[in-house]
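Asker: Fold the stuff below for me.
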Amino acid sequence: MERTTKQPFRRTLALTTTAIAALIASPALARNTAPTNPAPPSEPAPATTGARVFEPSYFDQFAPRNALDMVSRIPGFTISGGNDNGQRGLGQANQNVLVNGQRFSSKSDSLRDQLARISADDVVRIELVDGNMLEIPGLTGLVANVIYENTGASGQFRWNTGFRAHNTEAQLYGGEISLSGTSGKLDFTVALSNDNNRFGADGPTWIYGPDGALLEEQSTKFSGGFDNPKLATNFTYRFSEHTIANLNLSYGEDFFFRDEPEIGTPVSGPMRFRDVVVRENGPEYEIGGDIEFPLGPGKLKLIGLERYERDNFSSEVVDSFDDGSLPTGSRYEQTNGIGERIGRFEYGWSMLDADWQLSGEAAFNRLDRAASLFTLAPDGRFEPVPFPFGNGEVSEDRYEGALSFSKAITPKLSVQAIASGEFSTIEQTGVAANSRSFRRPKGSLAFTWKPEGDFDVSLTAARRVSQLSFGDFLASVSLNEDNENGGNNELVPYQSWDLELEVNKGLGAWGSLKFQARQAWFEDFIDWFPLPDGREARGNIGDADRLHLALSGTIKFDPMGLEGARFDFEAVKRWMSVTDPFTGEDRPFSYDLIDSFSGDFRHDIPDTDFAYGAGVFTNNQAPYSRRYEIGRNWEGPTFANVFIEHKDVMGLTVRALVGNVLGARNYFERTVFDGSRPDGDVLFREVTDRRIGPIFRFTVSGDF
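Answerer: Predicted coordinates for the structure are as follows:
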């Protein structure tokens, strides 16, 4: 999703608002965004055939406030997917949570945000169903379908606060307040939120020479944080029982800061004092709407969305010295305008005892970047340095069409097939102007076998096409690491053949287990790539493959006599293979996950309002590989937390948590070479070991 300056902002907003108003006023002219808050049914729908049904009473022990609290407590189920994952366009459904049989489609609100705005009192039931049988192409495996009925005005609020023992200011203003209600044929939700955090670490960094001798010891420290205040509104209007329109509006601001003072004490030479200041801010908005109505033998849904974001980024590094030497430094400024427009239709009908859908989508994405580089002059002013490759515009016009087919072959076996293709044109302006077009076939074939109510197996084979990061087309710099990322106007989207297996098995009173295996074979894989002029950029480096295995589940302790206790876990292991374009060696993907484990124990004490628990998390990331350096940045080895919760403090749920009780730390290592690898000799090696310290969190939530 990225931006252009071809139209004035005011004209764009006016045209979009007019189109959305016309959508709501006239179904015949409608364009829309699949509902952010799908409309509640006029009366609860019957349970889906073959579904595992969780009634509201199942969740009573957790005293849930909203639908998110309930879905999060389904044994063995983890919320995943949604349009908040960075993809451009809407495409086929990829999330595993629906509301009243419809998918979420807002780009600015996450699945969790939207579920948290549905009152638990309005939830009729939650169904775990076979994704192949939901008449929504793209869904496979187990999907949670939240059936709810709006019973009148209700509100939710959550206040998140906390602090860290070292380096950071307090986190005071996080949380959300939302109000939902009904007025005649209109349902509405209004939410005001602030996603925020504060972070930091301190500790030593050592610089070693080629022979391993210490060159400099640095006292390093960083602190930072972000705030993302946002107002979001969702409106649903029922023209009739089968004609429903939705309008989604949101506006927010992003604020990010990071300060990193450093004192360098070399073995010989003057002491150095470094100040690193990073700032980023900017507004964003989204306007979307959808309408669904009967047409011929089926239903037609029309979708429209306009989204825009501006990021104003600056980074400044200044070194001063205790011997009176003149300070040195650099400054980098970058403004990104990122925009996206989407028009989509979906027409579904039943024929030959199967569900069919024909869909088409047009997505127009753009990035407009203005970047400037400066160096500190002797008089203390920052003087500009030519940086032409950092400026320009990248735009993509992408068109996609798909025909899907879903059918129950037998009561225990279902199939879903999707034949799809896309055509896109990518244009770049600036000193590296270029224009290219792509035609890509894609699609999937999925089978689900459900021999028992608590046992199902899904197998999916798919051909997928990735989406490029427009920022990779243009150059940028990282001042503190002294790295320049060159632009690459020859990038092409990588493609993959994917084979995916998912097995879900209920364990009765003991809980539930899920096993996942995903094998992907990539073509034109993207990683760091050498440019002919001696620089480096993100580029296509050839074939690659990755095997992903995951085991997750919920183990209940009730059969062992510890009523109300459960343990949720997920273990992941990946094997990757790609040829390093610099050395020719086989290695994992830069920055990718190698393995991880998370586990959470929770005990809701029977006949009380108290709960307590503990959690652990650890992960192992692959190192990165660049032309002149290799390195790795990670935290660990293990994060752990403990918490206590009271579910009725004057009608509120109060939770206190202490995180990082095992003392996980922040680490960074890199080896820098004086020439291109593998021929360059080691120039220096950098090792950082920083303290994070304990983290304290306090949450109050309630409804009204």
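Asker: how close does G564 get to K556?
Answerer: Plainly put, G564 is 9 Å away from K556 if you go by Cβ to Cβ, to the nearest Å. The way it works is simple: take the backbone N, C-alpha and C, and place the C-beta from them, glycine included.
Asker: In the chain, where is pLDDT below threshold?
Answerer: Low-confidence segments of the chain, defined by pLDDT under 70, span residues 1-50, 82-88, 105-106.
Asker: Could you work out the end-to-end span of stretch 91-110 for me?
Answerer: End-to-end span of stretch 91-110 (Cα to Cα, to the nearest Å): 16 Å.
Asker: Give the full set of residues in contact with the nearest residue to E484 once chain neighbours are set aside.
Answerer: Of all residues not flanking E484 in the chain, V477 sits nearest, at 4.9 Å (Cβ to Cβ, 6 or more residues apart in numbering). Counting by Cβ atoms under 8 Å, 6 or more residues apart in numbering, V477 touches Y332, L373, G390, N483, E484, N485.
Asker: Check the gap between V477 and R626 for me.
Answerer: Between V477 and R626 the distance is 14 Å, computed by Cβ to Cβ.
Asker: End to end on stretch 581-590, go ahead and measure it.
Answerer: 12 Å.
Asker: make that stretch 577-593, sorry
Answerer: End-to-end distance (Cα to Cα), stretch 577-593: 13 Å.
Asker: got it, and stretch 672-681?
Answerer: 9 Å.
Asker: returning to what we had before: beyond the helix or strand containing the residue nearest to E484, next helix or strand please.
Answerer: Element membership for V477 (DSSP states H and E) is strand 476-478. Per DSSP H and E, the first helix or strand lying C-terminal to strand 476-478 is strand 483-485.
Asker: and the next element down the chain from that next one?
Answerer: The helix or strand immediately downstream of strand 483-485 is strand 495-506, counting by DSSP H and E.
Asker: Counting by contacts, list what that following strand packs against.
Answerer: strand 455-465, strand 511-523 (3 or more Cβ pairs under 8 Å, 6 or more residues apart in numbering; DSSP states H and E).
Asker: and stretch 368-384, how far out from the chain's middle?
Answerer: 33 Å (Cα atoms, centre = their mean, to the nearest Å).
Asker: Likewise for stretch 627-639?
Answerer: Its chain's C-alpha centre and that of stretch 627-639 lie 21 Å apart, by Cα atoms, centre = their mean.
Asker: buried residues in it?
Answerer: Buried residues in stretch 627-639, defined by neighbour count with 16 or more other Cβ atoms under 10 Å: R627, Y628, E629, I630, G631, W634, E635, F639.
Asker: My guess is the last one contacts G663. True?
Answerer: No - in this structure, F639 sits apart from G663 without contact. The criterion is Cβ atoms under 8 Å, and the distance is 9.5 Å.
Asker: ok, back up a step: give the intersection of the neighbour lists for V477 and R626.
Answerer: Residues touching both V477 and R626 (Cβ under 8 Å, 6+ apart): N483.
Asker: how about the helices in the stretch 1-150 of the chain?
Answerer: 9-25, 67-71, 111-115 (DSSP state H, counting those that start in this stretch).
Asker: what's the second one packed up against?
Answerer: With contacts defined as 3+ Cβ pairs under 8 Å, 6+ apart, the secondary structure elements packing on helix 67-71 are helix 111-115, strand 123-130, strand 142-148.
Asker: okay, now the closest residue to S372 other than its chain neighbours: neighbour count?
Answerer: Excluding its sequence neighbours, the residue lying closest to S372 (Cβ to Cβ, 6+ apart) is E333, at 4.7 Å. By the criterion of other Cβ atoms under 10 Å, E333 has 18 neighbours.
Asker: Regarding E333, what is its secondary structure?
Answerer: strand (DSSP: H, G, I helix; E, B strand; the rest coil).
Asker: On the strand side of things, show who it bridges to.
Answerer: In this entry, E333 is beta-bridged to S314, S372, by DSSP bridges.
Asker: swap in R518?
Answerer: As assigned using DSSP bridges, the partners bridged with R518 are E500, H548.
Asker: E686 too?
Answerer: I207, R670.
Asker: ok, now which ones touch it?
Answerer: Residues near E686 by Cβ under 8 Å, 6+ apart: T205, W206, I207, Y208, G631, F668, E669, R670, T671, V672.
Asker: Which of the residues you listed sits closest to S183?
Answerer: The closest of these to S183 turns out to be F668 (Cβ to Cβ; 54.8 Å).
Asker: Helix or strand for the closest one, just tell me which one.
Answerer: Using DSSP H and E, F668 falls within strand 665-673.
Asker: So which elements touch that strand?
Answerer: strand 186-208, strand 629-636, strand 682-691.
Asker: Any buried residues in it, and which?
Answerer: So strand 665-673, judged by 16+ other Cβ under 10 Å, has buried residues R665, N666, Y667, F668, R670, T671, V672, F673.
Asker: Please apply the same query to stretch 407-418.
Answerer: Within stretch 407-418, the residues that count as buried by 16+ other Cβ under 10 Å are K407, A408, S414, Q416, A417, I418.
Asker: Distance to D604 for the residues you listed - can I get that in JSON lines?
Answerer: Listed next are these as JSON lines, based on distance: Cβ to Cβ, whole Å:
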{"residue": "K407", "distance to D604": "42"}
{"residue": "A408", "distance to D604": "38"}
{"residue": "S414", "distance to D604": "36"}
{"residue": "Q416", "distance to D604": "38"}
{"residue": "A417", "distance to D604": "43"}
{"residue": "I418", "distance to D604": "42"}
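Asker: in what helix or strand does the residue lying closest to A402 once chain neighbours are set aside lie?
Answerer: Distances taken as Cβ to Cβ, 6+ apart place S420 nearest to A402, at 3.8 Å, with adjacent residues excluded. Using DSSP H and E, S420 sits in strand 413-428.
Asker: Direction included, what does whatever helix or strand comes next after that strand pair up with?
Answerer: Sequence-wise, the next helix or strand downstream of strand 413-428 (DSSP H and E) is strand 434-452. Strand pairing for strand 434-452, determined by DSSP bridges: strand 413-428 (antiparallel), strand 455-465 (antiparallel).
Asker: Dump strand 434-452 to CSV, restricted to CA.
Answerer: Extracted C-alpha coordinates of strand 434-452, given in CSV (Å, rounded to 0.1, in the frame of the first residue of the first chain):
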residue,chain,number,x,y,z
ASN,A,434,11.2,1.9,-14.8
SER,A,435,8.0,0.2,-15.8
ARG,A,436,7.2,-3.5,-15.9
SER,A,437,4.1,-5.7,-16.2
PHE,A,438,3.5,-9.2,-14.8
ARG,A,439,0.9,-11.9,-15.4
ARG,A,440,0.8,-14.5,-12.6
PRO,A,441,-1.5,-17.6,-12.4
LYS,A,442,-2.3,-18.8,-8.9
GLY,A,443,-4.8,-20.8,-6.9
SER,A,444,-5.3,-23.6,-4.5
LEU,A,445,-6.9,-27.0,-3.9
ALA,A,446,-7.9,-28.0,-0.4
PHE,A,447,-9.4,-31.2,1.1
THR,A,448,-10.8,-31.6,4.6
TRP,A,449,-11.5,-35.0,6.1
LYS,A,450,-13.5,-35.0,9.3
PRO,A,451,-14.0,-38.6,10.5
GLU,A,452,-15.2,-37.6,13.9
